[in-house]
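Q: sharing a model that was predicted from the sequence below.
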Amino acid sequence: MTREEKNEKNPVLKILLMSLMFILLFSTVVSADELNSVNNPENTTSKLKVGNGLTIEKFSDGRVKGIENAKSLNELQKKEILKQMKFTTEEIEKLPSTLINEIISEGGVKVQLEQKNYKHIYTSLDGMDYIVTDETKELVDKVKAADAVKLGLGSNLIGTLEMGGHSEGIFSGYGTLIFNGKTSNNQEYKYSFVTNFNWSTGPTAWNYDKVAVAYETMATRTGSTGHHYLYGNSSNDIGMNISNSSVYGVEGTTQAPTYNSYGYLMVNVNLPVSEDGNSGIFVSGYGHSWTPVPISVTFGPIGVDFGGIGDKWDWDNYFTIGKAY
């Protein structure tokens, strides 16, 4: 074969070799994706139909894939999605529409919490702290009644009776935890810590209150949001100003309601995957001022301290890191 004939065939060989390399490269990419699914089984999804034919994607670890523009969904579809995320009917009925939309947009699954160390302190006008218990509630009511007279607040006192769980008189509060999967590099778990609060009627004084979420030093905050609604209606948002100035927690400032209301403060955080299986915690708190001077908030590692005259509630929310239920 002459040199000229070899040169004529070289272009053909080059094309064949390039085609073979492309096929091998494509096969390698597909194999990597398949390997990722094997190593991260939580990434596999199945499709489910809910509420009027809407199709959603659900991960094998129980998380529901987030849906953009959740506002466009009807009420039945939203309820069905939240149920798939392990919210109960009772919990769904308490949620304001904005929080529902945020939860559905983010996706995830509600995680079981162990809520304990619930504490209620009333700080009187003379600066004394009274821990409210079954044994002290009668005394605290008398102190509150005397302070209310001095402040000209009348007799609409915050009851310290009917103490049980995280509910006292006209105030109640509880925590919610949502697991949102892993970050793109698989190095961190994504969570939403939520402090929820409810007033069954307007409290004694109508000054500015504080809402708080505190977390561990290993947590990396990625976002926060909060709202407060009169009558539990999303059209009556009385607002919440959020401060992210502390590395240990987030505080929200809101007007005390004149009627029944519902609100929440939600903080998005990442936790290291290396902590998988260990116990995690975030602290919820609420402070209600009895004077025009707002309640102050001081955060420490896994803790929140309220200062000022009035009622202060806080409790711990425990969970297992990396556990999606």
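A: Sure, I can see it. If you're wondering where the values come from, they're calculated on a predicted model, not measured in any experiment.

Q: how many neighbours does residue 81 have?
A: When neighbours are counted by other Cβ atoms under 10 Å, residue 81 registers 25. From N, CA and C alone the C-beta is placed, and that goes for glycine too.

Q: show the contacting residues for residue 69.
A: Residue 69 sits next to residue 105 when contact means Cβ atoms under 8 Å, 6 or more residues apart in numbering.

Q: please apply the same query to residue 272.
A: Residues near residue 272 by Cβ under 8 Å, 6+ apart: 187, 188, 189, 218.

Q: any idea how far residue 111 is from it?
A: According to Cβ to Cβ, to the nearest Å, residue 272 and residue 111 sit 17 Å apart.

Q: which element follows the lowest-mean-pLDDT helix or strand in the chain toward the C-terminus?
A: Lowest mean confidence among the helices and strands of the chain (mean pLDDT, DSSP states H and E): helix 3-39, at a mean of 51. Downstream of helix 3-39, the first helix or strand assigned by DSSP states H and E is strand 45-50.

Q: so what strands line up beside that following strand?
A: In the sheet, strand 45-50 lines up against strand 54-59 (antiparallel) (DSSP bridges).

Q: in the strand it pairs with, what counts as buried?
A: Neighbour counts over strand 54-59 (16 or more other Cβ atoms under 10 Å) mark 54, 56, 58, 59 as buried.

Q: same check on stretch 275-282?
A: 275, 280, 281, 282.

Q: what helix or strand is the second one on?
A: Under the criterion of DSSP H and E, residue 280 resides in strand 279-289.

Q: pLDDT on that strand, on average?
A: The pLDDT scores in strand 279-289 average 96.

Q: elements contacting the helix or strand containing residue 254?
A: Residue 254 is located in strand 249-255, with elements delineated by DSSP H and E. For strand 249-255, the packing partners by 3 or more Cβ pairs under 8 Å, 6 or more residues apart in numbering; DSSP states H and E come out as strand 208-215, strand 220-230, strand 241-243, strand 261-272, strand 296-300.

Q: could the ones you listed go into JSON lines alongside distance to residue 80 and mean pLDDT?
A: JSON lines is the format used below for the helices and strands packed on strand 249-255 (distance: least, Cβ to Cβ, whole Å; pLDDT from 0 to 100):
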{"stretch": "strand 208-215", "distance to residue 80": "28", "mean pLDDT": "96"}
{"stretch": "strand 220-230", "distance to residue 80": "23", "mean pLDDT": "94"}
{"stretch": "strand 241-243", "distance to residue 80": "31", "mean pLDDT": "96"}
{"stretch": "strand 261-272", "distance to residue 80": "22", "mean pLDDT": "96"}
{"stretch": "strand 296-300", "distance to residue 80": "38", "mean pLDDT": "95"}
